[in-house]
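Enquirer: Test case, fold it:
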Amino acid sequence: MSWTPKPLGEILEQSGRHRAGDQDLPVLSITMKHGLVDQADKFKKRVASSDTSNYRVAYKNELVVGFPIDEGVLGFQTKYPAGIVSPAYDIWKLRSELDSHIPYLERYLRSAQARGSYASRMQGAVARRRSLTKADFLNLEIPFPPLDDQIRIAHLLGIVEGLIAQRKQGLQQLDDLLKSVFLEMFGDPVRNEKGWDERQFSDLLNDIESGKSPKCEARAATLEEWGVLKLGAVTRCTFDENENKALPQDVVPSVRDEVKAGDLLFSRKNTYELVAACAYVFKTRAKLLMPDLIFRFSFKRNADVNAVFMWKLLTNESQRKAIQSLAAGAAGSMPNISKANLRAVFLAIPPLPLQNQFAAIVEKVEALKSRYQQSLTDLESLYGALSQQAFRGELDLSRVALPTSPSEEESPVAAVVPMPATTPTMKLPETDLLLPSLEDREQLKPLLRFWLETYRAQLGSASFSATGFLAAAQTRMAELHPDNEFALGSSGYEHIKAWVFEALAAGTLTQAFDDEGNRIELKAAADQNLA
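Expert: The predicted structure is shown next:
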């Protein structure tokens, strides 16, 4: 289906005429990732002027637009009855709250499609100073389906967003686990309270190698081309082979500088916060070269050090800060750490068997992280495809149940906030069913159905949670078959959705309103709880 587009001028009108004066109101800022947030959450401190009397008041459900708008710097104020924002921001209010659903509008206005529309109409020569006039903003036409379909689209995208957030949280928890294991086994490496031998870095190294940075093309290299790594390949202390630029065809590659599995890379130059990033290369595509801003550590054979352990040692927070303190640079330039300063560093080095034991743990966790990351990539691709189809009117929404049923006292524009769900501890049993492979995803259907029936029998009076089940199933698969790199992704969600519709038709699942009477929850049918 498709909907007649509507110009924003028929949906929004100018607001923001009230100033803060002497009112003590929450100070809000806009982020590209999370929309409008408390300023303290964004900066961990107050950065607003001490005199906020000229700040604009943004009332609840009003849209705040910042800059650059083509990077999605906008958001609805749904948290407070009133908050204040920078006087540089524009504020708009809905002309009618009867046919507009804020979660839908915000998702569209921050979408890739909308950002492309902004960019095509912006004026100015300097990229981040280009702006969109109010008239052009109001003339933008957006897809504007009926209210029920707006709610369905926002709810569907919200489910995928929840899965994405859950996967990111899982990745962060695995990182935190490795940090805890490191401290438990070795203690703080700078204080060295466990008394490990302290050895000078130069005694461990054959060489500190660096590459070259020829002028490259402004695109990533294809698999058949040579590429040169960008600093982003190591900035997050995890190797990212996609952060590269294509080497021009007429430049002869320095094969000596090619990155290989087992390399330990180090950024010698960056901002003070990002310099001294270190990344271990577990695997990489061929034909990628080091630039001159990245070092590669070559260790002596008899140095009794494990490169994976050295990676975690050098990225330990206190150790990295100590190395960052060695960075020097002229005013206005990025700090740089010299080879000489690095070689002079003393490091606490535990016995090699203990390093190897820790490295084995790291490799297992990194393998699990790789599967989680692939799942995250799949989910983000799913979100991109769903959002494009939804905003083009290409999704069949007839089978998507409305998640809310606004009461007379409740505005239909209120944001969909997930209700705290009380879910049972899921005990997904072992099974003789085949675990799906990357090549044969059809094996997934009977496995998930077996676990879904088990989960339904455990529900009791709790609500069914698709996101909770999907996370539990992914974890159980990793536990039962740690060598299998299968990630559930979008195919898992589609199987769950199909099972839910069948269970509703069969009466083994029912739909009911929550205690507040404004959200539909899925429950196991009463007589099924005895299973």
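Enquirer: ok now do residue 464, which residues does it touch?
Expert: Residue 464 makes contact with 455-456, 500, 509, 521-524, according to C-beta atoms under 8 Å, 6 or more residues apart in numbering. From N, CA and C alone the C-beta is placed, and that goes for glycine too.
Enquirer: Between these, which sits nearest residue 137?
Expert: The closest of those to residue 137 turns out to be residue 521 (C-beta to C-beta; 38.7 Å).
Enquirer: Next, count neighbours for the closest residue to residue 18 other than its chain neighbours.
Expert: Here the nearest residue to residue 18 in space, its sequence neighbours aside, is residue 57; by C-beta to C-beta, 6 or more residues apart in numbering that works out to 4.2 Å. Burial of residue 57 is recorded as 20 neighbouring residues (other C-beta atoms under 10 Å).
Enquirer: so where does residue 57 fall, helix or strand?
Expert: The secondary structure element spanning residue 57 is strand 56-59 (assigned by DSSP states H and E).
Enquirer: Out of the contacts of residue 464, list just those in strands.
Expert: 509, 521-524 (DSSP state E).
Enquirer: Now for residue 500, how many residues are close by?
Expert: Counted with other C-beta under 10 Å, residues neighbouring residue 500 total 17.
Enquirer: What's the per-residue pLDDT of residue 190 here?
Expert: pLDDT recorded at residue 190 is 96.
Enquirer: Next up, the contacts around it.
Expert: 318-319, 322, 348.
Enquirer: So the residue nearest to residue 18 sits against residue 28, correct?
Expert: No: with contacts defined as C-beta atoms under 8 Å, residue 57 does not count as touching residue 28, sitting 10.5 Å away.
Enquirer: anything in contact with each of these two?
Expert: Looking at what touches both residue 57 and residue 28 (by C-beta under 8 Å, 6+ apart), the common residues are 83-84.
Enquirer: list the contacts for residue 297?
Expert: Here residue 297 is in contact with 205, 208-209, 264, 266, 307, 310 (C-beta under 8 Å, 6+ apart).
Enquirer: Tell me the bridge partners for the residue nearest to residue 18.
Expert: residue 84 (DSSP bridges).
Enquirer: now the one 5 residues further on
Expert: Beta-bridge pairing for residue 62 (DSSP bridges): residue 77.
Enquirer: Identify the residue spatially nearest to the spatially most central residue of the chain, adjacent ones excluded.
Expert: Centroid check for the chain by C-alpha atoms, centre = their mean gives residue 168 as the closest residue, at 5.6 Å. The spatially closest residue to residue 168, leaving aside those adjacent along the chain, is residue 376, at 6.6 Å (C-beta to C-beta, 6+ apart).
Enquirer: how about the strand or helix carrying the one you found: buried residues?
Expert: Under the criterion DSSP H and E, the helix or strand holding residue 376 is helix 352-391. Buried residues in helix 352-391, defined by neighbour count with 16 or more other C-beta atoms under 10 Å: 355, 358-359, 361-362, 366, 368-369, 371-376, 378-380, 382-383, 386-387, 390-391.
Enquirer: what does stretch 18-36 give?
Expert: Counting neighbours by 16+ other C-beta under 10 Å, one finds that the buried residues in stretch 18-36 are 20, 25-30, 35-36.
Enquirer: CA-only coordinates of it, as PDB, when you get a sec.
Expert: Output of stretch 18-36 as PDB, limited to C-alpha atoms (Å, rounded to 0.1, in the frame of the first residue of the first chain):
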ATOM      1  CA  HIS A  18       8.700  31.100  25.400                       C
ATOM      2  CA  ARG A  19      12.000  31.700  27.200                       C
ATOM      3  CA  ALA A  20      13.200  30.100  30.400                       C
ATOM      4  CA  GLY A  21      13.500  33.300  32.400                       C
ATOM      5  CA  ASP A  22      14.100  32.400  36.000                       C
ATOM      6  CA  GLN A  23      12.300  29.000  35.800                       C
ATOM      7  CA  ASP A  24      14.300  26.000  37.100                       C
ATOM      8  CA  LEU A  25      13.700  23.500  34.200                       C
ATOM      9  CA  PRO A  26      15.700  20.500  33.000                       C
ATOM     10  CA  VAL A  27      18.400  21.400  30.400                       C
ATOM     11  CA  LEU A  28      18.200  19.200  27.300                       C
ATOM     12  CA  SER A  29      20.500  18.500  24.300                       C
ATOM     13  CA  ILE A  30      20.200  16.700  21.100                       C
ATOM     14  CA  THR A  31      22.300  13.700  20.100                       C
ATOM     15  CA  MET A  32      22.500  12.000  16.700                       C
ATOM     16  CA  LYS A  33      22.000   8.500  18.200                       C
ATOM     17  CA  HIS A  34      19.400   9.100  20.900                       C
ATOM     18  CA  GLY A  35      17.500  12.300  20.000                       C
ATOM     19  CA  LEU A  36      16.700  14.700  22.900                       C
END
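Enquirer: helix or strand right after the helix or strand where residue 113 lies?
Expert: Using DSSP H and E, the secondary-structure element containing residue 113 is helix 112-121. Next in sequence after helix 112-121, counting helices and strands by DSSP H and E, comes helix 134-139.
Enquirer: any residues touching that next one, and which ones?
Expert: Identification of contacts with helix 134-139 by C-beta under 8 Å, 6+ apart yields 7-9, 12, 14, 65, 69, 90, 118, 121.
Enquirer: List the buried residues in it.
Expert: 136-138.
Enquirer: ChimeraX command to pick out the buried ones of the contacts of residue 464?
Expert: The following ChimeraX selection, which keeps only the buried ones among these, applies the criterion 16+ other C-beta under 10 Å:
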select :455,456,500,509,521,522,523,524
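Enquirer: In contact with residue 152, which residues?
Expert: For residue 152, the residues meeting the contact criterion (C-beta under 8 Å, 6+ apart) are 397, 400, 402-403.
Enquirer: Which of the residues you listed sits closest to residue 102?
Expert: The shortest approach to residue 102 among the contacts of residue 152 belongs to residue 403, at 14.0 Å (C-beta to C-beta).
Enquirer: which stretch of helix or strand covers the closest residue in space to the closest one that isn't next to it in sequence?
Expert: In this structure, residue 403 finds its nearest non-sequential neighbour in residue 155, 4.2 Å apart by C-beta to C-beta, 6+ apart. Under DSSP H and E, the secondary-structure element containing residue 155 is helix 147-186.
Enquirer: Check which element follows that helix along the chain.
Expert: Moving toward the C-terminus from helix 147-186, the next helix or strand (DSSP H and E) is strand 197-200.
Enquirer: correct me, but residue 97 touches residue 61?
Expert: Yes: Residue 97 is in contact with residue 61 according to C-beta under 8 Å; the separation is 7.1 Å.
Enquirer: So these two - more neighbours on which side?
Expert: Comparing residue 97 with residue 61 by neighbour count (other C-beta under 10 Å), the higher total belongs to residue 61, at 17 against 14.
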